[in-house]
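> A structural model of the following input is requested.
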Amino acid sequence: MIFQLNGCSAYSPSVNILGAYFPDWLFCISGGCLASALIYLSLTKLRKGSWLSPYIVIYPLLITFLSMGFWILFFY
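Okay, the predicted model is just below:
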């Protein structure tokens, strides 16, 4: 029984902030949403918003890819 649970004790994917532990994916998703909002605002300001045309598909994918990139960059 102890052999099966031994792999879980090595690393907990959480960040300690003022005594509370938050999962690292929460910060990555927040950063992905913020970065995609900044990309949206900059493209609309430059009037190039049509470059990312099907918004319902592109922006969730952009959030996903940016979140994964932040996770690889900061937590891997």
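> residue contacts, the residue nearest the centre of the chain?
Nearest to the mean C-alpha position of the chain, counting by Cα atoms, centre = their mean, stands residue 67 at 2.3 Å. Residue 67 is in contact with 25, 28-29, 31-32, counting by Cβ atoms under 8 Å, 6 or more residues apart in numbering. In this view, the C-beta of every residue, glycine as well, is placed from N, C-alpha and C.
> so for stretch 40-47, what gets flagged as buried?
Residues residue 40 are the ones in stretch 40-47 that count as buried (16 or more other Cβ atoms under 10 Å).
> give me the residues contacting it.
Under Cβ under 8 Å, 6+ apart, the answer for stretch 40-47 is 49, 51-52, 59.
> now residue 21. Nearest residue, chain neighbours left out?
What sits nearest to residue 21 in space, not counting adjacent residues and going by Cβ to Cβ, 6 or more residues apart in numbering, is residue 14, at 4.2 Å.
> now stretch 25-44: buried residues?
Burial within stretch 25-44, assessed by neighbour count using 16+ other Cβ under 10 Å, is assigned to 27-29, 31-32, 35-36, 40.
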